[in-house]
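J.: Structure for this input, please:
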Amino acid sequence: MTTVAELPAGFADKVLSAQSTFRSVMDAMARPGGVQRIRAQAGTPAPMMHGTAAIALTLFDHDTPIWLDGAMSATPDAAKWLKFHTSAPVIAEPSVCSFAVIGDARSLPPLDRFALGSNEYPDRSTTLILQVDSLTSGPAYELTGPGIDGASVLQAMIPANLLELLAINATLFPRGIDVVLVHDDAIVAIPRTTRLAAYGA
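T.: Numbers count the residues shown, from 1 in each chain. Below you'll find the model as predicted:
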């Protein structure tokens, strides 16, 4: 069993690394479909990717309940690392989590299992951090919506049913689910205002 002393480190420079990562996340949200890089260095517990770990160190705290999927919670190290470095509570019920960390994109549950916010407080919804196999190759997808000039094209290895799952956002706005795709140190945001379709469909 891994002890606290054996866990991977957090940010080497907490302030500058958190600022840099936050800027990358905000740029990704402002430019849906565009690939942003996480430059900050941090330890990464298996099976977490570098981008996921940096986002966690930047955005998670004691007020943000976290839900981990089966792949992410298969070993206790990820949960233990999150609790130690962020103080975020890891919970068993996805419907009240602020963030959901998905290690196996193919097993993504229906999005209505997560917090969808309310019309009065749409920000009280879950943000999915979804690890994928690639953000530069694979099927092509067309993104439209605020922050996109006309349309943008993303090539990524995302779950085949993600298009269907994200259709829930069109019917719920201003409620809905925001998604951050992660591969290694690269991230792509799909905010709830963004519509995703197979390219050329």
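
J.: so residue 126 sits right up against residue 94, yeah?
T.: Yes. Look at residue 126 against residue 94 with Cβ atoms under 8 Å: they come within range, at 7.1 Å. C-beta coordinates here come from the backbone N, C-alpha and C atoms, glycine included.

J.: Can you tell me the SS state at the spatially most central residue of the chain?
T.: Nearest to the mean C-alpha position of the chain, counting by Cα atoms, centre = their mean, stands residue 129 at 1.7 Å. For residue 129, the assignment made with DSSP: H, G, I helix; E, B strand; the rest coil gives strand.

J.: Which parts of this structure are helices?
T.: 14-30, 50-59, 77-86, 162-166, 168-172 (DSSP state H).

J.: Could I get the CA-only coordinates of the fourth one as CSV?
T.: Meaning helix 162-166. These are the backbone C-alpha positions of helix 162-166, laid out as CSV (Å, rounded to 0.1, in the frame of the first residue of the first chain):
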residue,chain,number,x,y,z
LEU,A,162,-20.3,11.3,-26.6
LEU,A,163,-22.2,13.1,-29.3
GLU,A,164,-25.4,11.4,-28.2
LEU,A,165,-24.6,12.1,-24.5
LEU,A,166,-23.8,15.7,-25.0
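
J.: At which residues are the strands of this structure located?
T.: With DSSP state E, the ranges of strands along the chain come out as 36-37, 66-68, 99-102, 127-131, 140-144, 152-155, 178-183, 186-190, 195-198.

J.: So residue 38 sits against residue 21, correct?
T.: Yes. Residue 38 is within contact range of residue 21, at 5.7 Å (criterion: Cβ under 8 Å).

J.: what is in contact with those two at once?
T.: Residues touching both residue 38 and residue 21 by Cβ atoms under 8 Å, 6 or more residues apart in numbering: 54-55.

J.: So, low pLDDT: which residues of the chain?
T.: For the chain, the stretches flagged by pLDDT under 70 are 1-5, 201.

J.: burial of residue 143, as a residue count?
T.: Using other Cβ atoms under 10 Å, the number of residues around residue 143 comes to 23.

J.: quick one: contacts for the nearest residue to residue 136 once chain neighbours are set aside?
T.: By the measure of Cβ to Cβ, 6 or more residues apart in numbering, the closest residue to residue 136 outside its immediate chain neighbours is residue 155, 6.2 Å from it. Listed by Cβ under 8 Å, 6+ apart, the contact partners of residue 155 are 134-141.

J.: and if you look at residue 181?
T.: If you count contacts by Cβ under 8 Å, 6+ apart, then residue 181 has 130, 132, 135, 156, 158, 187-190 around it.

J.: Please determine how far residue 168 is located from residue 114.
T.: Here residue 168 is placed at a distance of 10 Å from residue 114 (Cβ to Cβ, to the nearest Å).

J.: one step back: list the contacts of the residue nearest to the centre of the chain.
T.: Contact partners of residue 129, counting by Cβ under 8 Å, 6+ apart, are 52, 55-56, 99-102, 180, 182.

J.: how about a cut-off of 7 Å?
T.: Residues near residue 129 by Cβ atoms under 7 Å, 6 or more residues apart in numbering: 52, 55, 99-102, 180, 182.
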